[in-house]
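S.K.: quick check, what structure comes out for this input:
(chains A and B)
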Amino acid sequence: MSWRGFGADATGAPGGGGAGVRQAHVPTVRIRPSRGFVPLRLHEVWEYRELLYFLCWRTIKVRYKQTVLGGTWAIIQPFVTMVVFSVIFGRLVGVPSDGMPYPIFAYAGLLPWQLFAQSLAESGNSIVNNERLVTRVYFPRLVIPLSTVLVSLLDFAVAGLILAGMMAYYRIVPVLGVWALPLLVIQAVGAALGVGLWLSALNVWYRDIRHVIPFLTQCWLFVTPIAYPASLVPSRWRMLLGLNPMTGVVEGFRWALLGARTQVGGLLAISGLITLGLLVSGAIYFRRMERTFADVL
Amino acid sequence: MGEVAVRVEGLSKRYRLGTAPVGGTAYDAITAAIRAPFRRLGQRPSGHIWALKDVSFDLHRGEVLGIIGRNGAGKTTLLKILSRITEPTEGAVDLYGRVSSLLEVGTGFHPELTGRENIFLNGAILGMRRAEIARRFDEIVAFAEVEPFLDTPVKHYSSGMYLRLAFAVAAHLEPEILLVDEVLAVGDAAFQRKCLGKMGDVVRGGRTIVFVSHNIAAVSTLCQKVALLRAGRMERIGPPAEVIRAYVEEHADDASSATRAVPDDEGHGYTLVNAHERVRVCCGDPISLSFEVVCPQEFANATAGVVIYDLLDSPVIGASSKFQGVAGAGSARRWYITCELGQVPLNAGRYYGSLWFGNEHRDYARFRAVVQLEVTPADPFGWGDRIPESWGHLYWSPAWRIVPSQRGAADPS
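M.R.: Presented below is the predicted three-dimensional model:
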C-alpha cells in the first residue's frame, strides 16, 4: 500500500506500512483552528511534488490544444516584441543600447521580462482558476502558484533558444558572467512568485485583481529598463530604479550574457533583497489567507 | 478494533453571512483586504452563522459512520473540515491513519485530456503516487469499462462514461480513513448499484469511513453507526435503525405544531389545520385521510393531491383529485378534504403523507409530511401468517392461473 495521505504526516513516513502498523496514540493529522503565525510548511509542499508535477504537466498538455502554432507561441511573443522595439525605439527614437546591437540588447531584456510577466499573471490568477480543486481536495495550496511559475520556466527555456541564435548571429561570445544566469532566473521567478502570491490570495476576495494584473504588468514593463538602458537614468536615481527587482535582473542578463559594461553589483544587491522580501511576505500572506480560500471561492 | 481512528472534539464552524465586501471605494477594499487577514477572525459576532456547533464523536478503526441530516444541517461542512479543505473555528480533530477524501468524483478532470491522462491526473490530485496509479491502472480501466476510449479526450465521452471513469479512480484509493460525500448519487441505476457494491467491498476491507448521504437506504445498508445533524448540532449518534427513525420522525414532525402554514408564490399563507395527525391501521384495512385547509381568501373549485412516502423518502403511492376530474364546487375560505384511499395494499410499516392543495390550473400549497401512517402487521389474506416484509411496500392479490405446461410434453427441448 503506497497510498500517501496528508503530507503533514507526523510520522514522516507517507506511504509506509499498512493499517494497524502505525502507533495509535500519534495522530497522523491534527486539525486545529489556526491562530497567529501560520508556518509555511514547505516540507509539505515537497511531499506533494508529484501533484506539482502533474499540475505542470496538465497545463503544458492543455495549453496549446487546438492551436495551429502550438509551442511556437512561446517564441513568437518575445520575438515580435523585440522586432517592434528595435524598429520603434532602436531606429525611430534612437535609444542608446550601451554599445550593443539594439535587437539583442532588447531581446536580452525581454527574455527575463517575459518570464516574469507570465509567471506573475499566471500565478496571480492561479487560485481562482483552480477553484474546483481548492474547494474539493486538500493539498498545500502553495503548489498551485508554484506550478504556474514552473510552467513559465519552460517557455523561458524555449524563448532562450532565440537568444542563443541571435548571439551566434552577432558573434557575441558569452562572458565569464554566465555563471550568474541561474541566479538571475531565480530572482526573476522569485519576484514574480512573491507578487503572484500576494495577488492570488487577494484575488480570492477581490476579483478586481484579475483586471489589475494586465495593467500592472504593462506599467511595470515601462519602469523596467528593457527598451532603454539603465544608464539612461541619471546616476542619482539609479538606485531608486533598483527598487524594482526586475531592473537588476534585466541589467544582470545583459551583463552576464552580452558583457555589458554596467555596474550591476549594487543594483543586484538591492533588487535581491526586495525580491526576498516580496517572496517571504507573499508566502506568509498566502499561508495566512489560505484557510479562507475554500470558504470564499 | 477499539483503536480510535477519528476523534472529533467540540468542532464548530462559523461562516460570515455574505462574504463579499460591501460598498466602499476600490482603495478601501484593497486596504481592508490587506488589513483583514491580520485582524483576528471573529471579532464581529453579528452577521455570522454557525454551520457547525460543538460536534464531538469518536470513530474506531474499521467503523463506518453515516452522517445524515437535512440540507444545511452541516454535513458537508463537517466533511470539509475533516478533509482539511476548510478550517474549524473552534474545536479539534485528530485523525489516526492516512486519509483520503472524496467530495466529488472527477475533481480536476480536464476535458481536453484523454481518459488515460485524466486517470493519472485525478489520481495525483486525490493523493495517489504515480507508481501506485500505474500499478492499479488496469483495474481502474476495467472497472470503468472505457478501455476502447482510453486515448480519446474525455470531452468526447458520454456523461455515463465520464462518471464511470471518475468513480473508478476514486474507488481505487487505498486510504485507512475515507471521507465520502454523496458520490453515489451519480450515474444510471446499474452504475449506482456497481458503486454501492464497490463501497460495500471497501467497507468490508476494514477501512474507517465517514459517509455523508441523503440516500438513507445506502446509509442504512453500509453503516454501522449513524450520526444525525440538525442545524449544525449533533442531534444523535448510534445504531442506524434508531437514528434513522429519529431522522424520519424529525422529518414528519417538521414544524410540530398542530397547524401548518405554507406560503404560496405570492407569499399568501395557506394553513393546514390538522397537520401531524397519526393514522393507525392494520394491514389490509381501508385507509382514509382527511385535511382541513384555510386559504388566505375565497378559493374556488379546490383540488387536492396526496402522496404517501416510505421512511426513506421514496414515494409509494400517489393520488390526485384533479387527475380524476374531481374539484370542490363553489368558493370558500375553508376546505375540508377527505381522501378515501380504500384498501390500499400497503404492507406493514411506517409511512407519511404529503398534501397538495390547489385548483385545476395549479397547486397553491404543498404540505410536506403532514400525516403519519402506521400500518401494523396483519394477515389480510387470512392465510395464517403476516405478509413478509420482503415483499416490499405493497402486496397484491392478482388473478393467478397455474396449470401444467402442455408444451413440455410435446417438445422435449
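S.K.: quick one: low-confidence parts of chain A?
M.R.: A:1-25, A:260-263 (pLDDT under 70).
S.K.: quick one, helices of it?
M.R.: Secondary structure of chain A by DSSP state H: the helices cover A:42-47, A:49-63, A:73-85, A:102-129, A:131-136, A:143-169, A:181-205, A:208-223, A:235-241, A:245-253, A:265-296.
S.K.: now the stretch 201-350 of chain B
M.R.: Assigned by DSSP state H, counting those that start in this stretch, the helices in the stretch 201-350 of chain B fall at B:216-222, B:240-252.
S.K.: and the stretch 51-200 of chain B, by the same measure?
M.R.: Assigned by DSSP H, counting those that start in this stretch, the stretch 51-200 of chain B shows helices spanning B:75-82, B:115-125, B:130-144, B:159-171, B:189-204.
S.K.: what would these look like in CSV with mean pLDDT, distance to B:Gly353 and mean neighbour count?
M.R.: Backbone N, C-alpha and C define where each C-beta goes, glycine included. Formatted as CSV, the helices of the stretch 51-200 of chain B follow (pLDDT from 0 to 100; distance: least, C-beta to C-beta, whole Å; neighbours: other C-beta atoms under 10 Å in any protein chain shown):
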stretch, mean pLDDT, distance to B:Gly353, mean neighbour count
helix B:75-82, 89, 26, 24
helix B:115-125, 90, 44, 23
helix B:130-144, 89, 41, 16
helix B:159-171, 84, 34, 22
helix B:189-204, 74, 26, 15
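S.K.: could I get those as JSON lines with distance to chain A?
M.R.: Below are these laid out as JSON lines (distance: least, C-beta to the nearest C-beta, whole Å):
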{"stretch": "helix B:75-82", "distance to chain A": "7"}
{"stretch": "helix B:115-125", "distance to chain A": "4"}
{"stretch": "helix B:130-144", "distance to chain A": "5"}
{"stretch": "helix B:159-171", "distance to chain A": "11"}
{"stretch": "helix B:189-204", "distance to chain A": "13"}
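S.K.: got a markdown table for the ones you listed, with distance to A:Leu273 too?
M.R.: Output for those, formatted as a markdown table (distance: least, C-beta to C-beta, whole Å):
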| stretch | distance to A:Leu273 |
| --- | --- |
| helix B:75-82 | 40 |
| helix B:115-125 | 36 |
| helix B:130-144 | 39 |
| helix B:159-171 | 46 |
| helix B:189-204 | 53 |
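S.K.: residue nearest the centroid of chain A?
M.R.: Residue closest to the mean C-alpha point of chain A, counted by C-alpha atoms, centre = their mean, is A:Val189 at 3.2 Å.
S.K.: mind checking how far that one is from A:Pro145?
M.R.: Computed with C-beta to C-beta, to the nearest Å, the distance linking A:Val189 and A:Pro145 is 11 Å.
S.K.: contacting residues for A:Val83?
M.R.: The contact partners of A:Val83, by C-beta atoms under 8 Å, 6 or more residues apart in numbering or on different chains, come to A:Pro103.
S.K.: got JSON lines for the helices of the stretch 201-350 of chain B, with mean neighbour count too?
M.R.: Compiled in JSON lines, the helices of the stretch 201-350 of chain B are given as follows (neighbours: other C-beta atoms under 10 Å in any protein chain shown):
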{"stretch": "helix B:216-222", "mean neighbour count": "19"}
{"stretch": "helix B:240-252", "mean neighbour count": "18"}
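S.K.: which one of these lies nearest to A:Leu163?
M.R.: Counting by C-beta to C-beta, A:Leu163 lies closest to helix B:216-222 out of these; the figure is 60.7 Å.
S.K.: just checking, what packs against that closest one?
M.R.: If you count contacts as 3 or more C-beta pairs under 8 Å, 6 or more residues apart in numbering or on different chains; DSSP states H and E, helix B:216-222 packs onto strand B:64-68, helix B:189-204, strand B:208-212, helix B:240-252.
S.K.: out of those, which is closest to A:Gly266?
M.R.: strand B:208-212 (58.7 Å).
S.K.: how much does that closest one deviate in direction from helix B:75-82?
M.R.: Orientation check (axes from the mean of the first three to the mean of the last three C-alpha atoms, to 10 degrees): strand B:208-212 against helix B:75-82 gives 140 degrees.
S.K.: show me what strand B:208-212 is packed against.
M.R.: The criterion is 3+ C-beta pairs under 8 Å, 6+ apart, and the helices and strands that strand B:208-212 contacts are strand B:4-16, strand B:48-60, strand B:64-68, helix B:75-82, strand B:177-181, helix B:189-204, helix B:216-222.
S.K.: got these as JSON lines, with distance to A:Ser123 columns?
M.R.: Below are the helices and strands packed on strand B:208-212 laid out as JSON lines (distance: least, C-beta to C-beta, whole Å):
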{"stretch": "strand B:4-16", "distance to A:Ser123": "27"}
{"stretch": "strand B:48-60", "distance to A:Ser123": "31"}
{"stretch": "strand B:64-68", "distance to A:Ser123": "37"}
{"stretch": "helix B:75-82", "distance to A:Ser123": "25"}
{"stretch": "strand B:177-181", "distance to A:Ser123": "30"}
{"stretch": "helix B:189-204", "distance to A:Ser123": "37"}
{"stretch": "helix B:216-222", "distance to A:Ser123": "41"}
